[in-house]
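Participant: Here you go, sequence then predicted model.
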Amino acid sequence: MVKNKEMMKGLCTDFLGHASRWAKWVTLWVLACHLPLQAMSWFRPGTTLTEYALTPAETARLVRQAGWPADDPSTWMITVRNPLSGPITCREVQFFQKNPDAQVRVRVLQPPFYIPAGQSRNSLLTEVRKNEIRDWAMQCFCLKASREGSCEKLP
């Protein structure tokens with residue numbers, strides 16, 4: 001084993017000592033270009049997944065429970081269970097006010113609500129007053145091969 005290390009060290013030293021500047025740059029360029037090719041996503045086999053909004057049928061399959069605790073009418077709690085075949089991401093919640101003239105309040109979930117397939121997640125939002133809210137909606141997304149396809153797991 002030591003012989004092989006000494007031989008490789010000698011070859012590298014000989015190359016660096018005797019090769020022209022042009023040969024050194026070409027060698028480095030070839031090595032630098034070759035290594036990242038295997039990590040680039042467009043060289044991997046498989047389908048390309050794109051993030052699409054859940055269809056109404058997929059949204060109806062989500063198990064959602066939301067409400068306010070008895071002791072705090074300004075903190076809104078939500079639990080979402082994902083029965084779909086792939087993970088979903090929810091980024092915002094829209095609150096519809098009781099007052100018909102009021103605009104829809106949008107609360108961004110930070111960090112986004114990431115729910116793996118077959119699991120559930122909980123979240124709390126403060127400053128959502130029970131006496132002001134009529135209804136709510138949440139838009140969620142998942143990765144699909146096509147808009148009509150089913151949610152898929154990451155490769």
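Facilitator: In hand now; what should we look at? Numbers count the residues shown, from 1 in each chain.
Participant: going forward, measure contacts and count neighbours with C-alpha atoms only.
Facilitator: Noted.
Participant: Does Asn131 belong to a helix, a strand or coil?
Facilitator: Recorded secondary structure, Asn131: helix (DSSP: H, G, I helix; E, B strand; the rest coil).
Participant: Could I get the contacting residues of it?
Facilitator: With contacts defined as CA atoms under 8 Å, 6 or more residues apart in numbering, the neighbours of Asn131 are Pro73.
Participant: how near is it to Ala70?
Facilitator: According to CA to CA, to the nearest Å, Asn131 and Ala70 sit 13 Å apart.
Participant: One more: Phe141?
Facilitator: Using CA to CA, one gets 31 Å for the distance from Phe141 to Ala70.
Participant: who has more neighbours, the two?
Facilitator: Neighbour totals were compared for Phe141 and Ala70, and Phe141 leads with 19 against 7 (other CA atoms under 10 Å).
Participant: Just give the closest residue to that one, not the sequence neighbours.
Facilitator: Closest residue in space to Phe141, ignoring its immediate chain neighbours: Ala53 at 4.3 Å, by CA to CA, 6 or more residues apart in numbering.
Participant: what is Ile133 paired to in the beta sheet?
Facilitator: Assessed by DSSP bridges, Ile133 has beta-bridge partners Gln97.
Participant: now swap in Gln65 and tell me
Facilitator: Thr79.
Participant: Just to check, it is in contact with Ser120?
Facilitator: No - assessed by CA atoms under 8 Å, Gln65 is found out of contact with Ser120, at 10.8 Å.
Participant: Find residues that contact each of the two.
Facilitator: Common neighbours of Gln65 and Ser120, using CA under 8 Å, 6+ apart, are Thr79, Val80.
Participant: Which one's more surrounded, these two?
Facilitator: Ser120 (16 against 11).
Participant: What lies in contact with stretch 107-115?
Facilitator: Counting by CA under 8 Å, 6+ apart, 80-82, 87-95, 121 sit against stretch 107-115.
Participant: farthest pair in these?
Facilitator: Maximum pairwise distance in the contacts of stretch 107-115, criterion CA to CA, is 24.1 Å, between Pro87 and Phe95.
Participant: Give me the nearest residue to Trp68, chain neighbours excluded.
Facilitator: Nearest to Trp68 is Trp76, by CA to CA, 6+ apart, at 4.9 Å.
Participant: What of Arg147?
Facilitator: The nearest residue in space to Arg147 (CA to CA, 6+ apart) is Tyr52, at 6.3 Å.
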